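Trainee: 3D, please:
(one chain, ligands or ions: 2)
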Amino acid sequence: MEAGRRGNPLALIPRLSRPVYRGAEASLYPLDWFGVPALAKVREPKPYRHPSLDARLRAARTINEARAMAAALHAGVPVPMLLHVDPYTATLVMERLRGARTLAELVEEEPGAARSYVEQLGRYAARLHQSSIAHGDLTTSNALVDERGRLYLIDFGLATLKPGPRDRAVDLHLFLRSLESTHPEHVEEMYEAFLRGYSAEAGEEAARRLVEGVREIRLMGRYREERRTAWGGGEA
Ligand SMILES: Nc1ncnc2c1ncn2[C@@H]1O[C@H](COP(=O)(O)OP(=O)(O)OP(=O)(O)O)[C@@H](O)[C@H]1O
Ligand SMILES: [Mg+2]
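Mentor: Numbers count the residues shown, from 1 in each chain. Ligands and ions are numbered 1, 2, ... in the order given. Predicted coordinates:
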């Protein structure tokens with residue numbers, strides 16, 4: 001990993017610019033990618049992890065995110081255009097969506113309009129699942145609406161391309177949990193909208209199985225810890 005970083009211009013991004021967003025896992029830096037307005041999503045080193053394990057983990061998640069974004073696009077789910085992937089600096093460069101707002105913001109500010117986006121999100125989740133992709137962190141913060149009113153899915157670092165029924169149910173579970181924690185007054189209406197979209201795309205039986213899977217996860221109450229352990233990381 002060290003060799004690949006030496007002389008690598010992407011390693012300069014965090015030193016030369018300020019992030020527009022600093023999340024638990026990554027920071028996002030604005031840049032101009034050969035004329036295309038872009039964002040570099042950089043998974044920066046975590047000092048509490050062993051350095052070589054840390055480098056491998058960040059590289060793996062970066063590659064995983066890029067693969068899953070490409071797979072999502074094939075499945076008919078809009079994602080920001082991927083422009084460059086560099087595992088050595090754990091950097092993913094993608095198109096910067098103009099005027100992007102998160103679905104979380106939209107649910108708060110315009111719940112009426114948000115409902116149809118949530119239904120669309122349900123359709124997109126079904127398309128992912130039908131194409132053997134589970135998103136892994138499907139929340140209202142990981143769906144963006146651009147200035148032209150188009151919905152995109154982002155943040156595929158925890159996606160899996162060989163999902164079992166449980167991984168698919170985790171998607172709905174996390175979505176429901178994001179509604180409960182961020183938009184308690186809209187839970188029912190948004191949950192119904194999501195399932196309406198999901199059923200329209202994948203059929204009622206698939207939606208019913210998903211809901212049953214969520215019920216089981218909630219009974220067990222162990223979903224997230226398992227994913228953390230599987231990834232060997234400490235954070236979500
Ligand atoms: N392509 C994009 N265009 C415009 N804004 C974006 C784009 N990708 C990400 N963002 C903004 O950056 C935020 C963080 O992106 P993302 O969820 O991919 O990072 P993250 O570090 O995994 O976040 P977290 O750890 O908080 O889930 C998004 O909520 C969104 O506001
Ligand atoms: Mg996110």
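
Trainee: point me to the residue of this protein nearest ligand 2.
Mentor: D155 (3.8 Å; CB to the ion). In short, each C-beta sits where N, CA and C put it, glycine included.

Trainee: surely that residue meets A143?
Mentor: No - applying CB atoms under 8 Å as the test, D155 and A143 come out as separate, 9.1 Å apart.

Trainee: more neighbours, those two?
Mentor: The neighbour comparison of D155 against A143 (other CB atoms under 10 Å) goes to A143, with 26 against 23.

Trainee: could you measure from the residue of the chain closest to ligand 2 over to S52?
Mentor: 25 Å (CB to CB, to the nearest Å).

Trainee: go on, A72?
Mentor: Relative to S52, A72 is positioned 30 Å away (criterion: CB to CB).

Trainee: in terms of neighbours, single out the busier of those two.
Mentor: Remark: of A72 and S52, A72 carries more neighbours, 23 against 10, as counted by other CB under 10 Å.

Trainee: my guess is the more buried one contacts L128. True?
Mentor: Yes - the pair A72 / L128 is scored as a contact, 6.2 Å apart, by CB under 8 Å.

Trainee: so what sits against both of the two?
Mentor: Both A72 and L128 are in contact with L153, where contact means CB atoms under 8 Å, 6 or more residues apart in numbering.

Trainee: quickly find the element holding the residue nearest the centre of the chain.
Mentor: Residue closest to the average C-alpha location in the chain (CA atoms, centre = their mean): D155, at 2.6 Å. Using DSSP states H and E, D155 sits within no helix or strand.

Trainee: please name the nearest non-neighbouring residue to it.
Mentor: By the measure of CB to CB, 6 or more residues apart in numbering, the closest residue to D155 outside its immediate chain neighbours is N142, 4.1 Å from it.

Trainee: buried ones in stretch 28-45?
Mentor: Neighbour-count burial for stretch 28-45 flags L28, Y29, L31, W33, A38, L39, A40, K41, V42, R43, E44 (criterion: 16 or more other CB atoms under 10 Å).

Trainee: what sits closest to D137 if chain neighbours are left out?
Mentor: Distance criterion CB to CB, 6+ apart; nearest residue to D137, sequence neighbours excluded, is L158 at 5.0 Å.

Trainee: helix or strand: which one has that neighbour?
Mentor: Taking DSSP H and E as the definition, L158 sits outside all helices and strands.

Trainee: burial check on it, number of neighbours?
Mentor: When neighbours are counted by other CB under 10 Å, L158 registers 24.

Trainee: and it, what's its pLDDT?
Mentor: On pLDDT, L158 comes in at 95.

Trainee: alright, I will stop here.
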